[in-house]
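Enquirer: Sequence first, predicted coordinates after that:
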Amino acid sequence: SCPDLTVEMITQTKSLSQDKGIQKTFEQRGVDYELPSYLEYCIKHLDRMMQPNFLPNNEDVLHARQRTTGVAETVFQLEKYRWTIIDVGGQRTERRKWLHCFDGVNALIYVAALDEYNMANPEDPSVSRMEESLSVFQEILNNSHFEDICALLF
């Protein structure tokens, strides 16, 4: 739960989300308006998410997004295996920072936001964000740094 949100704020948010203009805005997401893909989902499930004992379910996790800038590294142990997750920023200006992060990597899991198929890429509005993301994945597969690495696309 979020202690900063009051019952009144939650009620107003839910009421506002039912407005026909707001509904139209959700329909135009990615075409005319840049709204986070999870916004409508979170508003729909606001009552459940604001419960003091809230635990996210699988669908909540699938809708979760956090924009990455720079390079974030997380290390954890799962049974006898040590995992290092490296999350790199997706903006074109961030990409030059990537290669040094992948020395000694055994596998690559690439996550593409396929729900951004209709969202314009701010760096090149003629290409959707999804197309840009899949193009980057193709570039990675063709890079000599990654020729012996197993790559998975999600």
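Expert: Perfect, I can see it now.

Enquirer: worst-scoring helix or strand of this structure, pLDDT-wise?
Expert: Lowest on mean pLDDT, DSSP states H and E among the helices and strands of the chain sits strand 120-121, with a mean of 78.

Enquirer: who does the helix or strand just after that strand pair up with?
Expert: Proceeding N to C from strand 120-121, the next assigned helix or strand is strand 124-128, under DSSP states H and E. Strand 124-128 has its sheet partners listed here by DSSP bridges as strand 120-121 (antiparallel).

Enquirer: contact partners of the partner strand?
Expert: 30, 34, 127-129, 131-132 (Cβ atoms under 8 Å, 6 or more residues apart in numbering). (Each C-beta comes from the backbone N, C-alpha and C, glycine too.)

Enquirer: Pick out the one among those residues with the largest number of neighbours.
Expert: residue 129 (24 neighbours; other Cβ atoms under 10 Å).

Enquirer: wait, isn't that one in contact with residue 119?
Expert: Yes - using Cβ atoms under 8 Å, residue 129 is in contact with residue 119, at 4.6 Å.

Enquirer: Need the pLDDT of residue 97.
Expert: According to the prediction, residue 97 has pLDDT 67.

Enquirer: just residue 132 next, same as before
Expert: Looking at residue 132, the pLDDT reads 87.

Enquirer: again with residue 55
Expert: 94.

Enquirer: same check, this time on residue 136
Expert: Looking at residue 136, its pLDDT stands at 85.

Enquirer: I'd assumed it was in a helix, is it?
Expert: Yes - counting by DSSP: H, G, I helix; E, B strand; the rest coil, residue 136 is located in a helix.

Enquirer: Can you pull the poorly scored residue ranges out of this protein?
Expert: 1-3, 30-33, 89-97 (pLDDT under 70).

Enquirer: Pick out the residue closest to the middle of it.
Expert: Central residue of the chain (Cα atoms, centre = their mean): residue 65, 3.7 Å from the mean position.

Enquirer: what kind of secondary structure is it in?
Expert: Classified using three-state DSSP, residue 65 is coil.

Enquirer: from now on call the first residue 59
Expert: Happy to do that; since the first residue is 59 now, the last one works out to residue 123.
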